[in-house]
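**Q** build me a model from this:
(one chain, ligands or ions: 1)
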Amino acid sequence: MGAIHRADSRESVVARLLELLREAHSNGVELVVFPELTLTTFFPRWWIEDQDEIDTWFETEMPGPATRPLFEEAKKLGIGFHLGYAELTVENGATRHYNTAIIVGKDGNLIGKYRKVHLPGHAEHRADKPFQHLEKRYFDIGNLGWPVWKGFNGVVGMCICNDRRWPETWRVMGLKGVELVVLGYNTPDSNVYHYEPVHLRQFHNHLVMQSSAYQNGTWVVASAKAGREDGFGLIGGSCIIAPTGEMVAKANSEDDELITATVDYALCEYIKEHQFNFAAHRQIDQYGLITSRTGAVVETEN
Ligand code: ING
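**A** Below you'll find the predicted structure:
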């Protein structure tokens, strides 16, 4: 998806999603992957004081009035889709805000939901910066873990944006036999907090997904929200990656663009059975620190 500006209505965005859905269907596509926070601009770039105003960026029902046409058209066309959105919900009497994604089957029924675990950025207002990254202010930490589901002839799972940079994300799903991970991302095209050469944005984006696809023997479909939203740039680079780590399709624009690939799960087996046969090679009695220590502590032998 190309840019969604702060003033763009959900209805105008859904009209664009419907166009892509129809184009996908005419190309024989069975599953369409839309980006993270697909329905609105990337609002965590804005400091918003008032919680009622913040809540206007969230969905209280899915589908809701603006998104129902998408669900109905997808069901009519018999095509499944992944959609990222900001979820406002009440759990055990408490209001919760999540950066959420769902997978809907070809029959129009919900297959599964995921809530983003790794929230990047900060919670305080950094008034000296040209833009913010306030996911730690606007969202609660996802509480669903990384579930996987039978779907689309394989085992499918999800993560969201920053999650893709953390190997733990992928290994949990890998240990559950995932064969296809679908994800969306909104990645600013500059690092506002310290100098970073521009080319590293796209390099790191593809590096983490290609290595994780290979190390866990899974297909990856990654969908960017790209382009300049009210002047603030988001990288593109949507891609489809095979379990070998090879990129088999890549977007070359920062606009609404469809890329497609045929997913052959046999390639998963080839990786899972040999190079990354977890049961044959992993030594979990040596991995304890990975889940017992949060931050690094210098701990040398000498
Ligand atoms: N965006 C960015 C991402 O993880 C980021 C934030 C960019 C973190 C670059 C670190 C380095 O792609 C979101 N929405 O997580």
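**Q** for residue 2, give me its contacts.
**A** By Cβ atoms under 8 Å, 6 or more residues apart in numbering, the contact set of residue 2 is 226, 227, 253, 254, 255, 256, 257. For the C-beta atoms, the positions are set from N, CA and C on the backbone; glycine is no exception.
**Q** actually, residue 22.
**A** Contacts for residue 22 (Cβ under 8 Å, 6+ apart) come out as 73, 77.
**Q** which pLDDT does the model give it?
**A** We have a pLDDT of 98 for residue 22.
**Q** looking at this, it is in a strand?
**A** No. Per DSSP: H, G, I helix; E, B strand; the rest coil, residue 22 lies outside any strand segment and is helix.
**Q** distance check, it against the ligand.
**A** Distance of residue 22 to the ligand, computed by Cβ to the nearest ligand atom, to the nearest Å: 28 Å.
**Q** count of neighbours near the residue of the stretch 1-150 of the chain found nearest the ligand?
**A** The ligand sits closest to residue 120 of the stretch 1-150 of the chain, with a gap of 4.1 Å, by Cβ to the nearest ligand atom. Applying other Cβ atoms under 10 Å, we find 15 other residues in the vicinity of residue 120.
**Q** was I right to think it contacts residue 133?
**A** Yes. Taking Cβ atoms under 8 Å as the definition, residue 120 is a contact partner of residue 133 at 6.3 Å.
**Q** number of residues surrounding residue 194?
**A** Neighbour tally, residue 194, other Cβ under 10 Å: 5.
**Q** let me fix that, I meant to ask about residue 89.
**A** Residues near residue 89, counting by other Cβ under 10 Å: 17.
**Q** other SSEs contacting the helix or strand hosting it?
**A** Using DSSP states H and E, residue 89 sits in strand 80-91. Using 3 or more Cβ pairs under 8 Å, 6 or more residues apart in numbering; DSSP states H and E, the elements in contact with strand 80-91 are strand 31-33, helix 68-77, strand 94-104, strand 180-185.
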